[in-house]
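A.B. asks: predicted model follows, preceded by the sequence.
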Amino acid sequence: MKIKGLLKLLSAFIISIAWNNSAQAGSINSGLGPLEIRPQFIVSQPFLAMTPENSSTLKGGESKLSVGIEIANTFVNTQGPTEQITKKEVARGLTKEDFYDKNGDAGKGYSLYLDAETKRKNLKYNYGISDSLEFKLEIPFLSFDGGFMDSSIESVHSLIGISNFKQGGAYRALSERNKYDYYVVKDGEFVYASNQIIYNVRGEPSMGLKWNLSEGGNVMPAVTLKLSYKFANSDRSGEQKLVRSGGVDWGHYLILSKGFDKWIV
C-alpha cells in the first residue's frame, strides 16, 4: 500500500541554553535567528537534515557551546480510513496482518502506525576558524515515548472544527492518548515494530563548515555557503536502528539573507 495523503501533525518547540565568549556579529543583512529546527518526523531521525541558519559567522578565534532540545508529536495511522487499527488492536499488540487490506492482501509499499513524541537533545560546538569561516560539531541524543501533547492537540482540533475521528484529525480518536508505538511495514513485512520507549540514545554526530561569502549591502543580500557531513556508526542493533542510519550523509546549501528596515528575510 502506498502512503498517500499522510497527515503529519508536528508540534515542536525549542529550549536553548547557551554559553559563548562573544556575541555573534551582525550586519544590516543578518541578526538574531532563525530557529534552527530540523524536521522531526520520527522515521527520518537517523538521517542528516539541514536546518535554517543565520548567514553570519563567528569571528576568528570565537567559540560557542550550546545545548538545545526539540520536542515533536507525530501520529500516523495509514489504516485509519478502514478502522483496522484502533485502541483494541493496539492493546492486543499489532501484527503484520493488521496492515493488510480488507481482502487479506499484503499489498505493496509502506504502511505505518506511529504514535510517539520525539525529544531530540543537541550538543553543539561552534568555532570561528576565521572572520568568515565557521566550524560546527553536533552530537544528538534521542528519546521516543508517549509524551504529553496528545490531549492538547486533539483539543485544538475540536476547537477549530476538525474531527479526530477523520482524516483531518489523523484518526487520533481511534487510539489512546500518550502511548508510544512504532510500526513500519513494507510489502507486508515489518521493517520495525516496537512499543518499548527509549531514552537518550546517542545518534550519529555531524560536522559542518559555514563560509560567509559576502555580507551584502543595501541592495545585495548576504550570501553564505553551508556544508554538512554526518558520520556513520555501524552499530544499529536494537534501539540504535531508530536513531542511526549506519551510513554517511552529506549536504550543502546556500543561505541568503536581506535586511529591510527592522525585518530580515
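C.D. replies: Done, it's in. Numbers count the residues shown, from 1 in each chain.
A.B. asks: downstream neighbour of the worst-scoring helix or strand of the chain on mean pLDDT in the secondary structure list?
C.D. replies: Within the chain, no helix or strand scores below strand 12-20, which has a mean of 35 by mean pLDDT, DSSP states H and E. Using DSSP states H and E, the helix or strand that follows strand 12-20 in sequence is strand 63-77.
A.B. asks: now Ser158, what's its secondary structure?
C.D. replies: Recorded secondary structure, Ser158: helix (DSSP: H, G, I helix; E, B strand; the rest coil).
A.B. asks: contact partners for it?
C.D. replies: Under the criterion of CB atoms under 8 Å, 6 or more residues apart in numbering, the neighbours of Ser158 are Asn164. (Glycine included, C-beta is placed from N, CA and C.)
A.B. asks: can you dump the C-alpha coordinates of stretch 156-163 into CSV?
C.D. replies: C-alpha atoms of stretch 156-163 as CSV (Å, rounded to 0.1, in the frame of the first residue of the first chain):
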residue,chain,number,x,y,z
VAL,A,156,-7.2,22.3,19.3
HIS,A,157,-8.6,20.2,16.6
SER,A,158,-12.0,20.2,18.3
LEU,A,159,-11.8,24.0,18.8
ILE,A,160,-11.4,24.7,15.1
GLY,A,161,-13.9,22.1,14.0
ILE,A,162,-11.6,19.2,12.9
SER,A,163,-12.8,15.8,13.8
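A.B. asks: and that stretch, which residues are buried?
C.D. replies: For stretch 156-163, a neighbour-count test (16 or more other CB atoms under 10 Å) marks His157, Ile162 as buried.
A.B. asks: skipping adjacent residues, who's closest to the spatially most central residue of the chain in space?
C.D. replies: Central residue of the chain (CA atoms, centre = their mean): Gln40, 1.8 Å from the mean position. Spatial nearest neighbour of Gln40, chain neighbours left out: Ala72 (3.3 Å); criterion: CB to CB, 6 or more residues apart in numbering.
A.B. asks: isn't there a strand covering Asn200?
C.D. replies: Yes: read with three-state DSSP, Asn200 is one of the residues of a strand.
A.B. asks: surely it touches Pro140?
C.D. replies: No: if you go by CB atoms under 8 Å, Asn200 and Pro140 don't touch, sitting 10.1 Å apart.
A.B. asks: and these two? Which one has more around it.
C.D. replies: Comparing Asn200 with Pro140 by neighbour count (other CB atoms under 10 Å), the higher total belongs to Pro140, at 21 against 9.
A.B. asks: ok, that one - contacts?
C.D. replies: By CB under 8 Å, 6+ apart, the contact set of Pro140 is Arg120, Lys121, Asn122, Leu123, Arg202, Gly203, Glu204, Pro205, Val243.
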